[in-house]
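> Give me the fold of what follows.
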Amino acid sequence: MEHASTHAVPAETNTGIDNRKVGIWLFLGSEVMFFASLIGAYLLTRASAEKPAEIMQNAVPLISVNTFVLIVSSLTMVLSLAFARRGNQGSMKLALLATILLGATFVTIQFAVEYPRLNSEGLTMDGNPYLFGSTFYLLTGFHGMHVLGGIIWNVLVLLKAMRGAFSRENHAGIEFAGLYWHFVDLVWIVLFTLIYLL
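Residues are numbered from 1 along each chain as shown. Predicted structure coming up:
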């Protein structure tokens, strides 16, 4: 059976930066515009519609825990890249697995615990009686789907790692997945502040 090469492949570049990394940054730039439009819609709705303050305040403890889970997942993502750069294969795989499990925990709490609870307290997706509810679910739901996409990406990276695809010299795949994962975490910190704390 042929093993994946762990030697670094020279990256193509027109700018002095790996073209793949430039592509990731351009993709993240488009994602910034996407979330900026959703946040703008949320802020406009919130300015003209009632925010159910008591319902949202009741959600803060659970969402604070969930936010902490996502922040810790960023730490494990950083560790996976650091371990790859040191050639520590075992720890790299464990850190990637931890990132996946923490991301899955975040999504599970959001979709299986938070949403049903908020819905039962009167914050519905159809905007009745709170128009705020429509943009809340749209904004946080799209973010949750991005976390799910990041989980899938990290699962694919972990599968490559299990086949020995990464080394001290060749770890760009982990770095690219990490850029996306940190972006998703940063977006959540903004959303948590805007939606739950302000």
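
> okay, CA-based contacts and neighbour counts for the rest of this
Will do.

> what about D126, which SS state?
Applying DSSP: H, G, I helix; E, B strand; the rest coil to D126 yields a three-state assignment of coil.

> so where do the helices sit in the protein?
For the chain, the helices identified by DSSP state H occupy 19-48, 53-86, 89-108, 115-120, 132-162, 172-191, in order along the chain.

> what stretches of the chain score poorly on pLDDT?
Under the criterion pLDDT under 70, the flagged ranges of the chain are 1-16, 129.

> can you list contacts of stretch 181-198?
The list of residues contacting stretch 181-198 from outside it, by Cα atoms under 8 Å, 6 or more residues apart in numbering, reads 28, 56-57, 59-60, 63, 67, 70-71, 74, 77, 136, 140, 143, 146-147, 150.

> hmm, try it at 7 Å
Outside of stretch 181-198, the residues within contact range by Cα atoms under 7 Å, 6 or more residues apart in numbering are 56, 60, 70-71, 74, 146-147, 150.

> Any figure for the gap between V155 and Y42?
Noted for V155: a distance of 32 Å to Y42, by Cα to Cα, to the nearest Å.

> Of these two, give the one with the bigger neighbour count.
For V155 versus Y42, the count of surrounding residues by other Cα atoms under 10 Å is larger for Y42: 20 against 16.

> who touches that one in this structure?
Counting by Cα under 7 Å, 6+ apart, the residues that Y42 touches are T135.

> Can you tell me which of the contacts of stretch 181-198 is closest to Y180?
Using Cα to Cα, G150 is the member of the contacts of stretch 181-198 that lies nearest Y180, at 7.0 Å.

> Which residues lie in contact with the closest one in this structure?
Residues near G150 by Cα under 7 Å, 6+ apart: W181.

> How many residues are close by S48?
Here the number of neighbours of S48 (other Cα under 10 Å) works out to 10.

> for it, what are its contacts?
Taking Cα under 7 Å, 6+ apart as the definition, S48 has no contacts.

> If we use 10 Å, what do you get?
With Cα atoms under 10 Å, 6 or more residues apart in numbering as the criterion, the residues that contact S48 are 131-132.

> Likewise for L156?
Residues near L156 by Cα under 10 Å, 6+ apart: 150, 162, 173, 177.

> Quick one: residues contacting L43.
When contacts are taken as Cα under 10 Å, 6+ apart, L43 is in contact with 37, 49, 132, 135, 194-195.

> how close does W25 sit to L158?
Note on W25: its distance to L158, by Cα to Cα, is 22 Å.
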